[in-house]
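A.B. asks: Sequence isn't available, so here's the structure alone:
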C-alpha cells in the first residue's frame, strides 16, 4: 500500500465528506476509494470513519489522525516547494474561488500577470458569487469582501478597499424624475442584487427599503441594464467606476455616506502554510498596491 497516497485520500475524504465526490474528483470509482480507506484502517489498526448511507463522520481517532496527516502532507508539499524555489521556478496547483464580478473586472488581469511571472504554476479558478465553504470544497484560496475579520478557521490578507455607488442613466432620470435625496428611491425602479446581504434594504442613512422589476446575481449584468435606462442599482465602485468615468451611467447621491468594505485574499488557517499560497498572496498584495488608484478611481 502507498501510505502517503492513502493518507492524502483520507484527508481529501475528510474535507469533502463524501466518497462519491472524492471518486468523481479523482476519476475513479466509489468502491475503489472505500477499499483504499479500509486498507489504511487495517494498516494502522483503527477505524477512522463511521460510514452510513446518509453520512460520513470521523471517529475520535480519525479526527486526531487527520491533523497529523495534514501536517505530514503540508510538510512534504513545503519540502517540494522549497526545492522548486531553489530552482527559481515555482510549481504546483492552486484552486481558487472568487466572485464572478471581481473575476470579470480585475482578477483576469491579476492572474494573467501571475501566470506570466510563474509559468509553471497551474491555476484552477472557479468564479461564483454564491457563498462557498473553502475548506469543504478544497480551495487553497478565496476572495471575500467584508467589513469585519473572519472566524478562526480562516486567515484574510487585505488587498484593497472599496465602496458603492448608486447608479442610473440620464435617460432613466429623464423619464422618471430626479433623485435628490435617499427617500426618493422608494418611488423608483431599484434593482436587487441576489447575494447582497441587505437584499431590498440599501444601507444609506438609516436604511431605505427599495423595490424593482429586476433581481439578479450579477452586478455587471445589472450595470448593462442600468446603461439601457431601465433602473437604478447599488453597485461596488470597482464595477461601476469605468462606466461613471466614461459617462454611460451617472452616480446619484454622491454626498451620502456609503459602506466601505475590504477585499481579502482568504485561505484556511493552518500550522504550515504552503509556500505556493504565500507566493500568490504576496503577488496579489503587491499587484493591488500598485494598481489601487486605477482600480477604484473615478
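C.D. replies: Perfect, I can see it now. All values derive from a computational prediction rather than experimental measurement.
A.B. asks: CA atoms for contacts and neighbours, from now on please.
C.D. replies: Fine.
A.B. asks: Show me the domain layout of the chain.
C.D. replies: The record's domain parsing of the chain by automatic domain parsing lists 3-84, 89-159+263-296, 164-252.
A.B. asks: Could I get the contacting residues of residue 163?
C.D. replies: 236, 237, 258, 259, 260, 261 (CA atoms under 8 Å, 6 or more residues apart in numbering).
A.B. asks: before we move on, back to that, quickly, which of the domains of the chain bottoms out on average pLDDT?
C.D. replies: Note on those: lowest mean pLDDT is at domain 89-159+263-296, with a mean of 81.
A.B. asks: can you tell me how far the residue of the chain most remote from its centre sits from residue 254?
C.D. replies: Most distant from the centre of the chain: residue 45, at 39.3 Å, with distances by CA atoms, centre = their mean. Residue 45 is 67 Å from residue 254, where distance means CA to CA, to the nearest Å.
A.B. asks: Which stretches in the stretch 51-200 of the chain count as helices?
C.D. replies: 60-86, 100-102, 108-117, 170-176 (DSSP state H, counting those that start in this stretch).
A.B. asks: Pick the most buried one from these.
C.D. replies: Among these, ranked by average contacts under mean count of other CA atoms under 10 Å, first place goes to helix 100-102 (a mean of 20).
A.B. asks: Check the offset of that helix from the chain's centre.
C.D. replies: On the basis of CA atoms, centre = their mean, to the nearest Å, helix 100-102 sits 9 Å off its chain's mean C-alpha point.
A.B. asks: quick one: contacts of that helix?
C.D. replies: 127, 128, 129, 218, 219, 220, 239.
A.B. asks: hmm, back to that, same list, the helices of the stretch 51-200 of the chain, but as JSON lines with distance to residue 203 please.
C.D. replies: Output for these, formatted as JSON lines (distance: least, CA to CA, whole Å):
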{"stretch": "helix 60-86", "distance to residue 203": "42"}
{"stretch": "helix 100-102", "distance to residue 203": "20"}
{"stretch": "helix 108-117", "distance to residue 203": "30"}
{"stretch": "helix 170-176", "distance to residue 203": "22"}
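A.B. asks: so which of these comes closest to residue 138?
C.D. replies: helix 60-86 (12.9 Å; CA to CA).
A.B. asks: check contacts around residue 229.
C.D. replies: By CA under 8 Å, 6+ apart, the residues touching residue 229 are 168, 169, 170, 171, 172.
A.B. asks: before we move on, the earlier item: what's the closest of the helices of the stretch 51-200 of the chain to residue 282?
C.D. replies: helix 108-117 (10.8 Å).
A.B. asks: Need the distance between the two termini of stretch 176-193.
C.D. replies: 21 Å.
A.B. asks: Restricted to buried residues, select the contacts of helix 100-102 in PyMOL.
C.D. replies: In PyMOL, a selection of the buried entries from these looks like this (16 or more other CA atoms under 10 Å):
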select buried, resi 128+129+218+219+220+239
